[in-house]
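S.K.: my questions are about this predicted structure, shown below with the sequence.
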Amino acid sequence: MMYKNKTVKILQGNEACVEGAILAGVRFFAGYPITPASEIAEGMAIKLPELGGVFMQMEDEIASMAAVIGASLTGTKAMTASSGPGICLKQENIGFAAICEVPCVIVNAQRGGPSTGLPTKPSQGDVMQARWGTHGDHPMIALAPSDVNEVFHVTIKAINFSEKYRTPVMLLLDEVISHMREKVNVPTREDIEIINRKQPTVTKEEFLPYKADQDLVPPMANFGSGYRYHVTGLIHNEKGYPTSNNKEIDQLIRRLTDKVELNKKDIILEENFLLDDAKIAIVAYGSVARAAERTVKIAREKGIKVGLLKLITLWPFSDVTIKKLAEQVDLIVVPEMNLGQISREVQRAAEGKCRVISYGRVDGELINPMEILAKVEEESKL
Amino acid sequence: MNNDITQYFRKEMFPHIWCPGCGIGIVLGAILREINSIGWEKDEIVMISGIGCSSRITGYVDFNTMNTTHGRALPFATGIKMANPDLKVIAVMGDGDCAAIGGNHFIHSARRNIDITAIIINNMIYGMTGGQYSPLTPTGRYGTTAPYGNIDQSFDLSALAASAGASYVARSNIFDVNQCTRFIKKALLKKGFSVVEIISDCPISFGRINQLRTPVQMLEWIKSISVPQKTWEKLSEDEKEGKIPTGEFLDLNIPEYTERYKEISMGVQQGRKEK
């Protein structure tokens, strides 16, 4: 990234997340202690009071999520962070944020699950939970950076998306990304794009809190600004009042989903590495994508035409890219620290146009480049 | 001054969902009268509720309002109050909402002593879902899920709030509207976590299954079990059986959370400037 002015820092992934969030304007954080996410709360506890912001350690994960939503309604950019067991508890209010369209970011420093699982070891086992963790049809944006510098920049993206689309955004780290220390290029505020939620432009009398603009996102008034309105987790109409009118119900649920799905071009972040002439593709995300990049380099030295598609945005899913890729290559290998959660999405999006092979590891160890290479070689011989 | 409390209603939301004879309207009337007498602007008030019959209050009033998830009114309120301490934050909850699923939030809101007024409409039952027993259903009374009588001990919610660190704690009932109104006003004005528990009726879900089928019967029963605190102290343990003390249990001036946070935050910022 080219910045006019930048500071180079050596940061831990969780610290980079804090730095990025604060630069993007987060001024409220509520959390609860949990490994491997606690450093995010600790960083916020130091920095937010310095900036006149608010840090709160709440009584539980549910309360943290609730407090974040409350703060966001006053016009304050708000965030929380946790890991699997805590993310389970937050789901109730993540659904509330989705239906009430309250911008907020939830960081999940993934560890092995289910339940208490593996508190100090990495996993990518929560990618499906990120999409469908809360009940009912709802939109979801989930981003998964693959190194510490990317954590910093993708955190800013996550906050921007939550403001732009008025929706909860999940930032998926894992224990290794969270705790690893690397070089981060920290730009100044002037060098990065910061997005703030749209404010109403109509008079208070004309204001309909859930009447969307053409981009399907309604402007959002701050509590206390004089635009009084009702926020309810019940299905509501444009006025914000509960409704059981089937047209209004349908309209809301479809709009919530469409505001993300129809803006995929803006939301989907992905990177290609040596894919142009590839006959075999690796599709990877998070820390596994780094191992996969190395795999590609080694494979190329051996003369195997392998390339990498690195997904940064996991939800909404890169259906179009995957379909094109499936038309180009004979084989897609999907290494991930779970038993094939994204691999099944790749399979679906590939529409049978090439073979899709899952390589899953769930023993708490990182996937290394050589084992991906071994899988690629084994499968390409078939 | 305009004393007509209908100025606070979102009239297009009426008719309301509450059953004939329900006590929630009495409590709502009391809250609105006192907001009016204090003279707060609608724009500066945030009223927050959880889930249940009482939680529907927020839909009918013309403030900044939120009908949140079950039991969670207080943590939502906490986020709002911390992010903008100038707002007047009122949480309205039911007994199941506040004492069962929201019990932990209630304790910790009191412990922080954050400047939020918690009004608990205690009808001793889960009314909206049809009459299941709550943590405030008296032992021996009936619910649809306690068809042979409730064996649980009921909570003393006011004692809980007082011991957890609140600034102001009072209990009244919908029969004694003047007292109820007086307590609400003190709670609204208190700088700190203030709690008013109001014993209310539910002729439909509690009354029908407990031989108190009409609103009048229910009100008479509420009157008969409510004992002023001073009288309560003189009663023997046997005489206390089945009775509930009412009155002001706590009225303290102790450091409030948003102010303490501001102090810390200002101190840090000052120190930073000096460096």
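M.R.: It's in. Numbering: from 1, shown residues only, chains lettered A, B, ... in the order given.
S.K.: grab the nearest non-local neighbour of the residue of chain B found nearest chain A.
M.R.: Relative to chain A, the nearest point of chain B is B:Gly79 (2.7 Å; C-beta to the nearest C-beta). (Glycine included, C-beta is placed from N, CA and C.) In this structure, B:Gly79 finds its nearest non-sequential neighbour in A:Gly70, 2.7 Å apart by C-beta to C-beta, 6 or more residues apart in numbering or on different chains.
S.K.: give the contact list for that neighbour.
M.R.: Residues in contact with A:Gly70 (C-beta atoms under 8 Å, 6 or more residues apart in numbering or on different chains) are B:Ile48, B:Met66, B:Pro75, B:Phe76, B:Ala77, B:Thr78, B:Gly79, B:Ile80, B:Lys81, B:Ala83.
S.K.: dihedrals phi and psi, the residue of chain B closest to chain A?
M.R.: The phi/psi pair for B:Gly79 (degrees, to the nearest 10) reads phi -60, psi -40.
S.K.: can you check A:Val283 too?
M.R.: On the backbone of A:Val283 - angles per degrees, to the nearest 10 - the values are phi -110, psi 120.
S.K.: what number of residues are in the vicinity of it?
M.R.: A count of nearby residues for A:Val283, using other C-beta atoms under 10 Å in any protein chain shown, gives 28.
S.K.: quickly list what it is bridged to.
M.R.: A:Leu309 (DSSP bridges).
S.K.: I'd guessed it sits against A:Val306; true?
M.R.: No - taking contacts as C-beta atoms under 8 Å, A:Val283 lies outside contact range of A:Val306: 11.6 Å.
S.K.: the residue of chain B closest to chain A contacts A:Met79, doesn't it?
M.R.: No - using C-beta under 8 Å, B:Gly79 makes no contact with A:Met79, being 11.8 Å away.
S.K.: what do those two both touch?
M.R.: A:Phe28, A:Val68.
S.K.: quick revisit: in strands, which of the contacts of A:Gly70 fall?
M.R.: Cross-referencing the contacts of A:Gly70 against strands under DSSP state E gives B:Ile48, B:Met66.
S.K.: what's near enough to touch the residue of chain B closest to chain A?
M.R.: Residues in contact with B:Gly79 (C-beta under 8 Å, 6+ apart) are A:Phe28, A:Ala30, A:Met56, A:Ala66, A:Ala67, A:Val68, A:Ile69, A:Gly70, A:Ala71, A:Ser72, A:Leu73, A:Ala78.
S.K.: now B:Val61. Its backbone dihedrals?
M.R.: Here is the backbone geometry of B:Val61 (degrees, to the nearest 10): phi -110, psi 140.
S.K.: who's in contact with the residue in the stretch 251-382 of chain A positioned nearest to chain B?
M.R.: Among residues of the stretch 251-382 of chain A, the one nearest chain B by C-beta to the nearest C-beta turns out to be A:Leu252. It sits 15.4 Å away. Taking C-beta under 8 Å, 6+ apart, we find A:Leu252 in contact with A:Ile99, A:Tyr210, A:Ile235, A:His236, A:Asn237.
S.K.: neighbour count added to those residues, as CSV?
M.R.: Formatted as CSV, those follow (neighbours: other C-beta atoms under 10 Å in any protein chain shown):
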residue, neighbour count
A:Ile99, 21
A:Tyr210, 21
A:Ile235, 17
A:His236, 22
A:Asn237, 18
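S.K.: of those residues, just say which sits nearest to chain B.
M.R.: Closest to chain B, out of all of the contacts of A:Leu252 and judged by C-beta to the nearest C-beta, is A:His236, at 9.5 Å.
S.K.: need the pLDDT of the closest one.
M.R.: Model confidence at A:His236, given as pLDDT, is 98.
S.K.: same check, this time on the one 10 residues further on
M.R.: According to the per-residue confidence, A:Asn246 scores 98 in pLDDT.
S.K.: likewise for A:Tyr3?
M.R.: Looking at A:Tyr3, its pLDDT is 76.
S.K.: contacts only, for it.
M.R.: Contacts of A:Tyr3 (C-beta under 8 Å, 6+ apart): A:Asn185, A:Pro187, A:Thr188, A:Asp191.
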